[in-house]
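Engineer: structural data only, the sequence is not supplied:
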């Protein structure tokens, strides 16, 4: 009998992402793509940068009143983004100017 070394493409890609430490960048890209959809066009228009570091989402907003409002809803932002991502990825949100 021949032994086979077969893996699914999904498993191979997952292993590659972990080996080359690309998963955090991929997650950040997914978050950027979903941001306008989850938060709306107005919030997305005032957003200048989005970063994900160690399960903490950093959002840069140019409008001070909007920044203040988003600070009050940080838990909701994390919950809505995690729901859109389909995984519990974001543990904390920090809104910056």
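Structural biologist: That came in fine, so what should we check first? Predicted model, so just to flag it, every value in this text is computed and none were measured.

Engineer: ok, now which ones touch the residue nearest the centre of the chain?
Structural biologist: The residue lying closest to the centre of the chain (Cα atoms, centre = their mean) is residue 31, at 3.3 Å. By Cβ atoms under 8 Å, 6 or more residues apart in numbering, the contact list for residue 31 reads 50, 52, 57, 81, 85, 90. To be clear about C-beta, it is placed using only N, CA and C from the backbone, and glycine gets the same treatment.

Engineer: of those, buried ones?
Structural biologist: 50, 52, 57, 81, 90 (16 or more other Cβ atoms under 10 Å).

Engineer: looking at those, which is nearest residue 16?
Structural biologist: residue 52 (19.5 Å; Cβ to Cβ).

Engineer: make sure that closest one is indeed in a strand.
Structural biologist: Yes: according to DSSP: H, G, I helix; E, B strand; the rest coil, residue 52 belongs to a strand.

Engineer: was I right to think it contacts residue 27?
Structural biologist: Yes: counting by Cβ atoms under 8 Å, residue 27 is a contact partner of residue 52 at 5.8 Å.

Engineer: tell me, what's touching the two both at once?
Structural biologist: residue 89.
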